[in-house]
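S.K.: coords please:
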Amino acid sequence: MPDAKFSVSFAGPLVTLQDAGRPGNMRYGVAASGPMDRLAFDAAHAALGNSVAGTAIEVSLGGVILNCTSGAVTLAVTGGDFVVEHGGQKRGSWTVLTVSEGDRLTIRAGRAGSWAYLAFAGDLLAQSWLGSHATHAPAGFGGGAVLSGRSIEVKNAALREDRLGDIPQPEFTPDGPIRVVTGPQDRYFAEGAVDRFLSAPYAVTDAFDRMGMRLDGPELDLKAALSIPSEPIARGSVQVSGDGVPTVLLSDHQTTGGYPKIATVISCDTDRLAQLRAKDKLRFAAVSSEQAVATCRTYLENKQAYLDHIAIARGTLEQRLMRENLISGWSEEDMSAAT
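M.R.: This next block holds a predicted model:
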């Protein structure tokens, strides 16, 4: 198959190359990294029919502009409610389209969401580190940041005309509070702190990146907790510093920390949490460990069914019209106009 090449006309901060992550290395001080919104990342690859969720571009609110300098490739954009511009047309994210030599593709922030994903029907070339292309943004290890003036190459670029069009968005992700399991250091907080955390609204602040999200809301008073030994940290940990302000740790979180953790966001809620923007409001709700396990198992079952569904090719425009019995009486000129 031929290759497709792009030049990067513009890339905002924190536009990086990501694969599914590099688990199993926290004992060496290396975070798993990977996409902030794992569902959207997987959906982009599934919609293209990629057998493996390979490497994609994670696009931040800063956006990205790519010019196709040679070849052609079908690609998918998922994630937040971003604006996709191509061929003089604007459309929303959650779409599959084909870009050819001479085309410009612009992805920029829209009405909601903080992260979008750009996946290709082919192999996006990237530098590997510890067996993964996932970029650890603070250190730059892995595939690295997408920077203005650089080039991007997709090997084995494929055209998948039977997959073009809108991608059905998932309907099994809940609205409402972000669910957490309280602890493990809730005993180090002053009386009433856990109740305030669970009952009061918080807002996302500008201190938000791939490492974590600092929140604005009621202070969570500590009682002699800052001397606890450092211990491993999980994605979704809600860590509280000496000023009583909570921070939710995300994809590029540090591997150990000595601040007390008042709660941990359950894994199936971290995607929608990461898509919030500065000044967005949120609340937390406590669930038991048993409820968290059951909830996440159900979520993963629904997620797999959804990915299997969108992975089915829909057919070319002509094939879709035939299936819908709309082809009868159309002329060849009508078909040409429709395409």
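S.K.: can you map out the helices along the protein?
M.R.: 38-48, 193-199, 270-274, 289-310, 317-323, 332-338 (DSSP state H).
S.K.: I'd like to know which elements the strand ranked longest in the chain is packed against.
M.R.: In the chain, taking DSSP state E as the definition, the longest strand is strand 104-120. Helices and strands touching strand 104-120, by 3 or more Cβ pairs under 8 Å, 6 or more residues apart in numbering; DSSP states H and E, are strand 4-11, helix 38-48, strand 56-59, strand 64-70, strand 72-86. (C-beta placed from N, C-alpha, C; glycine too.)
S.K.: what sits against residue 268?
M.R.: Applying Cβ atoms under 8 Å, 6 or more residues apart in numbering, we find residue 268 in contact with 295-296, 299-300.
S.K.: and residue 323, what pLDDT?
M.R.: Residue 323 carries a pLDDT score of 51 in this model.
S.K.: Closest one to residue 52 out of the contacts of residue 268, please.
M.R.: Residue 52 has its nearest neighbour among the contacts of residue 268 in residue 300, at 17.8 Å by Cβ to Cβ.
S.K.: ok, now how distant is that closest one from residue 39?
M.R.: 10 Å (Cβ to Cβ, to the nearest Å).
S.K.: Please identify which of these two sits among more neighbours.
M.R.: The residue with more neighbours, out of residue 300 and residue 39, is residue 39; 23 against 12, by other Cβ atoms under 10 Å.
S.K.: Near the residue nearest to the more buried one when sequence neighbours are not counted, how many other residues are there?
M.R.: Distances taken as Cβ to Cβ, 6 or more residues apart in numbering place residue 271 nearest to residue 39, at 5.0 Å, with adjacent residues excluded. Residue 271: 21 surrounding residues under other Cβ under 10 Å.
S.K.: what pLDDT does residue 271 get?
M.R.: pLDDT, residue 271: 97.
S.K.: That one is in contact with residue 42, isn't it?
M.R.: No. If you go by Cβ atoms under 8 Å, residue 271 and residue 42 don't touch, sitting 10.0 Å apart.
S.K.: quick one: low-confidence ranges for the stretch 201-339 of the chain?
M.R.: Counting by pLDDT under 70, the stretch 201-339 of the chain shows low-confidence ranges at 224-227, 316-339.
S.K.: where do the strands sit along it?
M.R.: 202-208, 212-216, 231-232, 237-240, 246-249, 256-257, 261-265, 281-282, 284-286 (DSSP state E, counting those that start in this stretch).
S.K.: Dump the ones you listed into a markdown table; add mean neighbour count and distance to residue 8 as well.
M.R.: Shown next, in a markdown table, are those (neighbours: other Cβ atoms under 10 Å; distance: least, Cβ to Cβ, whole Å):
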| stretch | mean neighbour count | distance to residue 8 |
| --- | --- | --- |
| strand 202-208 | 16 | 24 |
| strand 212-216 | 20 | 27 |
| strand 231-232 | 11 | 36 |
| strand 237-240 | 24 | 34 |
| strand 246-249 | 24 | 30 |
| strand 256-257 | 15 | 35 |
| strand 261-265 | 25 | 33 |
| strand 281-282 | 14 | 33 |
| strand 284-286 | 18 | 38 |
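S.K.: Distance to residue 116 for the ones you listed - can I get that in CSV?
M.R.: Shown next, in CSV, are these (distance: least, Cβ to Cβ, whole Å):
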stretch, distance to residue 116
strand 202-208, 16
strand 212-216, 18
strand 231-232, 31
strand 237-240, 25
strand 246-249, 21
strand 256-257, 29
strand 261-265, 22
strand 281-282, 21
strand 284-286, 26
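S.K.: between the longest strand of the chain and strand 64-70, how big is the angle?
M.R.: 90 degrees (axes from the mean of the first three to the mean of the last three Cα atoms, to 10 degrees).
S.K.: Tell me the buried residues in strand 104-120?
M.R.: 104-110, 113-120 (16 or more other Cβ atoms under 10 Å).
S.K.: Pull the most distant pair out of the residues you listed.
M.R.: Using Cβ to Cβ, the buried residues of strand 104-120 span at most 23.6 Å, a distance reached by 104 and 114.
S.K.: How is this protein divided into domains?
M.R.: Each domain of the chain is listed here as a residue range: 4-172, 178-287, per automatic domain parsing.
S.K.: average pLDDT across the first one?
M.R.: When pLDDT is averaged along domain 4-172, the result is 96.
S.K.: Can you report how many residues lie near residue 154?
M.R.: 25.
S.K.: Could you measure from it over to residue 223?
M.R.: Residue 154 is 55 Å from residue 223, where distance means Cβ to Cβ.
S.K.: Tell me the strands beside the longest strand of the chain, with direction?
M.R.: strand 56-59 (antiparallel), strand 64-70 (antiparallel), strand 72-86 (antiparallel) (DSSP bridges).
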